[in-house]
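Undergrad: Coordinates for the following, if possible.
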Amino acid sequence: MADLGFARVDIGREARQGLPEVIYGTGKTAAEIASIARTLLHHNDGPVLATRVDAGTAA
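TA: Residues are numbered from 1 along each chain as shown. Sure thing, here's the model as predicted:
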């Protein structure tokens, strides 16, 4: 588990389940989503999926 302060990221899920953790984007900033994605990619092979991201944050 990686604690980023604003999110606890399960960096071991890909090894256990075959797929990395999905980023739940509601209420997160673009910078927070990017930080979570970087953390997941640093510890896993990917891909990384973010859900519930509003259009403004996605842009």
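
Undergrad: for the chain, which helix is longest?
TA: helix 30-43 (DSSP state H).

Undergrad: who does that one touch, helix- and strand-wise?
TA: strand 8-9, strand 23-24, strand 50-51, helix 55-58 (3 or more C-beta pairs under 8 Å, 6 or more residues apart in numbering; DSSP states H and E). All C-beta atoms are positioned from the backbone trio N, CA, C, and that covers glycine.

Undergrad: what does it rub up against?
TA: The contact list for helix 30-43 (C-beta atoms under 8 Å, 6 or more residues apart in numbering) reads 2, 4, 6-7, 9, 11-12, 14, 20-21, 23, 25, 28, 46, 48, 50, 53, 57-58.

Undergrad: Can you redo the helices and strands packed on helix 30-43 as CSV, where the extra columns are distance to residue 39, mean neighbour count and mean pLDDT?
TA: CSV is the format used below for the helices and strands packed on helix 30-43 (distance: least, C-beta to C-beta, whole Å; neighbours: other C-beta atoms under 10 Å; pLDDT from 0 to 100):
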stretch, distance to residue 39, mean neighbour count, mean pLDDT
strand 8-9, 5, 16, 96
strand 23-24, 10, 18, 96
strand 50-51, 13, 13, 96
helix 55-58, 18, 10, 93
